[in-house]
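> Give me coordinates for this.
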Amino acid sequence: MLDLIILSIHFFICFLISIAIWRGAKDADLHSSSRGTAETGPDGLIFIGKEEDIKKSGRITAKINGREIVVFYHEGKFHALDSRCYHEGGPLCQGEIEDIDGQTCIVCPWHKFKITLETGEGLYEGINPLDPSPTPQWQSKGVKQRIHKLTIDNGSVYVCPPDLSVSFDSDYFAEKYKTGGELAMGK
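Predicted coordinates:
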């Protein structure tokens, strides 16, 4: 009987944990642009949030014309890119930032794909089998993730609307999760 009680408690705890994971972090909804009512700033730029708030949190997500982006503040620089990984749509807002071969990268939490914050390049570690003693080297797959241009004006952070005439691999998941509501933001 005690085993049945322990098993029931274990099941209930696992259930609560799965709900907490499914709902995700609540700090991703800090900005007016993530509520769907984006403010327009100078020159048609879209307001993301206050510079100090983003610096404090280190990262935020926002919606720009329905498209989810993530803005990182890391080592004194702001970076913005599509919030879903180009590979399988993993939530980059939940990824870790790492330095890889001198480049600041976000690591997708789902499959550990590495994306440079500066350029959106996908990186992989490969070897040249023709070398007598091949050693792994970091190499680029090319630009895979859409990067968004940011502007800071009087303590406010703005993003330029994306130029959709040029396509990137991440566009597929940006479009797929556009109508996903809370699911798309990892909640």
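
> Now do the contacts for the residue nearest to residue 103 when sequence neighbours are not counted.
The shortest distance from residue 103 to any non-neighbouring residue, by C-beta to C-beta, 6 or more residues apart in numbering, is to residue 116 (4.8 Å). No exception for glycine: its C-beta is placed from N, CA and C like everyone else's. With contact taken as C-beta atoms under 8 Å, 6 or more residues apart in numbering, residue 116 is in contact with 100, 103, 104, 105, 123.

> Out of the residues you listed, the closest to residue 140 would be?
Taking C-beta to C-beta as the measure, residue 140 lies nearest residue 123 of the contacts of residue 116, at 6.1 Å.

> how near is the closest one to residue 113?
To residue 113, residue 123 is 8 Å away according to C-beta to C-beta, to the nearest Å.

> Which one of those two is surrounded by more residues?
Neighbour count, other C-beta atoms under 10 Å: between residue 123 and residue 113, residue 113 has more, with 23 against 19.

> neighbours around the residue nearest to that one when sequence neighbours are not counted, how many?
Distances taken as C-beta to C-beta, 6+ apart put residue 87 closest to residue 113, at 4.8 Å, once the chain neighbours are dropped. Residue 87 is flanked by 19 other residues according to other C-beta under 10 Å.

> before we move on, what about the one 5 residues further on?
Neighbour count for residue 92, taken as other C-beta under 10 Å: 29.

> all strands in this structure, in order from the N-terminus.
Along the chain, counting by DSSP state E, strands occupy 46-50, 59-64, 67-74, 77-82, 96-100, 103-107, 114-116, 121-126, 137-143, 150-153, 156-159.

> Any chance of a markdown table for the ones you listed, columns distance to residue 171?
Listed next are the strands of the chain as a markdown table, based on distance: least, C-beta to C-beta, whole Å:
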| stretch | distance to residue 171 |
| --- | --- |
| strand 46-50 | 18 |
| strand 59-64 | 13 |
| strand 67-74 | 9 |
| strand 77-82 | 8 |
| strand 96-100 | 23 |
| strand 103-107 | 17 |
| strand 114-116 | 14 |
| strand 121-126 | 14 |
| strand 137-143 | 12 |
| strand 150-153 | 19 |
| strand 156-159 | 16 |
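
> Please tabulate these in TSV, including the columns mean pLDDT and distance to residue 173.
Shown next, in TSV, are these (pLDDT from 0 to 100; distance: least, C-beta to C-beta, whole Å):
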stretch	mean pLDDT	distance to residue 173
strand 46-50	94	20
strand 59-64	93	14
strand 67-74	96	9
strand 77-82	97	7
strand 96-100	96	19
strand 103-107	97	14
strand 114-116	98	13
strand 121-126	96	13
strand 137-143	94	15
strand 150-153	94	21
strand 156-159	95	18
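
> Check the gap between the residue positioned nearest the centre of the chain and residue 162 for me.
Centroid check for the chain by C-alpha atoms, centre = their mean gives residue 92 as the closest residue, at 2.7 Å. With distances taken as C-beta to C-beta, residue 92 is found 16 Å from residue 162.
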